[in-house]
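Enquirer: Below are the sequence and a predicted model; questions follow.
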Amino acid sequence: MFLMLLPTLIFFLINSYFPMIGIYYAFTQFDFNTSMFNAPFVGLQNFEFLWKSGTLVKLTMNTIGYNVAFIVLGNVLAICCAILLSELNGKWFKKISQSVLFLPYFVSFVILSVIVYNMFNYDSGFLNTMLLQLGLNPVDVYSKPWAWIFLIIIFYLWKNLGYSMVIYLAAITGISDEYYEAAKIDGANIFQRIWYITVPMLKSTFVVLLLFALGSIMKGQFDLFYQLIGNNGLLYNTTDILDTYVYRSLKVTFDVGMATAAGVYQSLFGFILIMTVNYIIRKINDDYALF
Amino acid sequence: MPIQKDNYTRLLHSIAYVVIIGLSVACLLPFLLIISASLTSNESIIRDGYHLIPGQFSLEGYKTVFIFPQEVLRAYAVTACATVIGTTMGLFFMTMAGYVLARKDFKYRNGCAFYIYFTTLFGGGLVPWYIMITKYLGLLDSYAVLVLPGLMTPFLIILMKNFVKSAVPEELFDSGKIDGAGDFRIYWQIVLKLSMPGIATVGLFLALYYWNDWFTSSLFINDTHKYQLQFYLYNVINSAQFIAQMGAGTGVSLATEVPTESTKMAMAIVVTGPILLLYPFVQRYFVKGLTIGAVKG
């Protein structure tokens, strides 16, 4: 049996455990020509620079801020839609709308960037075409950092609504009809039935999804941010997250030591965060703890 | 007896229809915009911008895409191969791992599960991983790099383990053993057959990952011939050099012709096409698999 598990164990050893050794790069001035232990050791200098330049604070705030918005809005919207959809009777309507809402989940982030380009580019974007037709002035969305806070959140919701809605729909289907019938006999109207039966019954699904989301709160949606923003420096202040910073440091500015340092910080901070959250949950309600 | 609808129910239903239809339109609109733009002539786009309905109908966008079909087709082939090979291999290893972890009589079950799970908690980060793959495994610019790093994820293994646990009763392991079947044979002949919905779901997740992957190319591939489809599209959208590169590859100079607006959009449709065609079939499995996984809680 061990033999059957071996490929998986080796895979994670190479793909996940070996790179952990590479954390050492964070303390060096690494470049690609030297081998690992020849790189000059600089101690905490990389971290110090990231800290002093304010990069780390900004990246952390952005990463966590966006994720909180994703988690809160994403779940609220998904729960609302799942409840509304589950109350409707038309079989065809349900099926089709569910498919339509799920569709964006399947397209790649590159396509998403095409969509955004199509809508918002200055010269021929759909938005500006509309504005011109209405006799208004065109807007250069790509130079408005604040607009992207909303755009990123909107497109995140656009892409993920269907997926989380299906999970909640499944949970709602699992609720026994008897509750509703009893409530009906007691004279509860449909809003009361939703508020006092459906919503509380979704709590456990919500908590599980929340915990998973909290576990990766330091990992941004790299694809989403990178495909929407790319290397547009104008927007970094409001849209740069740890992942995009690390990627850029590696691919564009070749700042390996710094990129590793930011990555280590991300891993460590996330790790401590999960441990803390798990500890607190364990204290409150053991059933919901992740491990 | 017809069901009586009270006013509250009617109100809720109207809200539901408005919200759901509104959101559905919002989900579809972007696709319509791209389709429309891909069918509009380039001059019309430059002059009037993108519209929901093609201003001046034209197929020139698609024609340009297929001037050099070998480039597009090569990217298609690369992605299709990576998807098939990666999904098959990944499924094989992950179902096997899921099965072993679901077996209660496997002594190191918890240890191994934690070994896998721990990688989601803590990691070396992007850069050490990048150096590992390029410097120590030497996979830069190889086809293998398009398949190998994405082969398994802890999430899917755990999903698979839960499926095996719920789909295959433990007694079957025992009865298989009594009949003299080895562990692998039990897996191959019993477990695989019984956990088909789980396999379909995990397989779809994996296939979707491979098909939509652009990140691997962007990190590890310099040779344009080995680009994944999505990264190829990414380059078409983002660089005017692409046509020049394409021309250089085929010995034709096209320095004056940068990708036009309609070409970009046509390209996007060509790349998305297979997913959109497969979508109605695939989506059913997805919903089913997710549903089973979620109800389990």
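Expert: Great, that's in hand.
Enquirer: can you tell if the helix or strand containing residue A:280 touches chain B?
Expert: Element membership for residue A:280 (DSSP states H and E) is helix A:256-284. Yes: if you take CB under 8 Å from any CB of the partner chain as the test, helix A:256-284 does meet chain B, through A:256, A:259, A:260, A:262, A:263, A:264, A:266, A:267, A:268, A:270, A:271, A:274. From N, CA and C alone the C-beta is placed, and that goes for glycine too.
Enquirer: Filter those down to the buried ones and express that as a ChimeraX selection.
Expert: A single ChimeraX command is used to select the members of the residues of helix A:256-284 next to chain B judged buried by 16 or more other CB atoms under 10 Å in any protein chain shown:
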select /A:256,259,260,262,263,264,266,267,270,271,274
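Enquirer: Which single one of the residues of helix A:256-284 next to chain B is nearest to chain B?
Expert: residue A:263 (2.4 Å; CB to the nearest CB).
Enquirer: residues in contact with the closest one?
Expert: A:26, A:242, A:246, B:124, B:125, B:126, B:127, B:128 (CB atoms under 8 Å, 6 or more residues apart in numbering or on different chains).
Enquirer: Quick check: pLDDT value at the third one.
Expert: At residue A:246, the model reports a pLDDT of 89.
Enquirer: now the helices for the stretch 101-250 of chain B?
Expert: In order along the chain, the stretch 101-250 of chain B carries the following helices (DSSP state H, counting those that start in this stretch): B:109-121, B:126-131, B:144-147, B:154-167, B:170-178, B:183-186, B:192-194, B:196-212, B:215-220, B:229-238, B:241-250.
Enquirer: nearest to residue A:159, of those?
Expert: Nearest of the helices of the stretch 101-250 of chain B to residue A:159, taken as CB to CB: helix B:196-212 at 11.3 Å.
Enquirer: Is chain A within reach of the closest one?
Expert: Yes: counting by CB under 8 Å from any CB, chain A has neighbours in helix B:196-212: B:208, B:211, B:212.
Enquirer: The first one is in contact with residue A:106, isn't it?
Expert: What that stands for is residue B:208. Yes: counting by CB atoms under 8 Å, residue B:208 touches residue A:106, with 6.6 Å between them.
Enquirer: between the helices of the stretch 101-250 of chain B, which gets nearest to residue A:203?
Expert: Ranking those by proximity to residue A:203 (CB to CB) places helix B:154-167 first, at 20.6 Å.
Enquirer: Work out the gap between that closest one and the centre of the chain.
Expert: Put simply, helix B:154-167 sits 19 Å off its chain's centre (CA atoms, centre = their mean, to the nearest Å).
Enquirer: Look at residue 100 and report its pLDDT.
Expert: Looking at chain A here, since you left the chain open. Residue A:100 is given a pLDDT of 89.
Enquirer: looking at chain B here, not the other one
Expert: Reported pLDDT for residue B:100: 92.
Enquirer: Surely it touches residue A:3?
Expert: No: counting by CB under 8 Å, residue B:100 does not reach residue A:3; the two are 9.3 Å apart.
Enquirer: which of these two has more neighbours?
Expert: Of the pair residue B:100 and residue A:3, residue B:100 is the one with more neighbours under other CB atoms under 10 Å in any protein chain shown, namely 24 against 10.
Enquirer: contacting residues around that one?
Expert: Residue B:100 neighbours (CB under 8 Å, 6+ apart): A:1, A:2, A:4, A:5, B:106, B:109, B:112, B:183.
Enquirer: Pick out the most distant pair among those.
Expert: B:112 and B:183 (14.6 Å).
Enquirer: start to end distance for stretch B:132-140?
Expert: Start and end residues of stretch B:132-140 are separated by 10 Å (CA to CA, to the nearest Å).
Enquirer: Also stretch B:40-52?
Expert: 10 Å.
Enquirer: Can you give the distance from that stretch to the centre of its chain?
Expert: Stretch B:40-52 has its C-alpha centroid displaced from the chain centroid by 31 Å (CA atoms, centre = their mean).
Enquirer: Just the buried residues of that stretch, please?
Expert: Within stretch B:40-52, the residues that count as buried by 16+ other CB under 10 Å are B:40, B:41, B:42, B:44, B:45, B:49, B:50, B:51.
Enquirer: repeat for stretch B:125-138
Expert: B:125, B:126, B:127, B:128, B:129, B:130, B:131, B:132, B:133, B:134, B:137.
Enquirer: Can you name the residues that contact the fifth one?
Expert: Meaning residue B:129. By CB under 8 Å, 6+ apart, the contact list for residue B:129 reads A:15, A:19, A:22, B:123.
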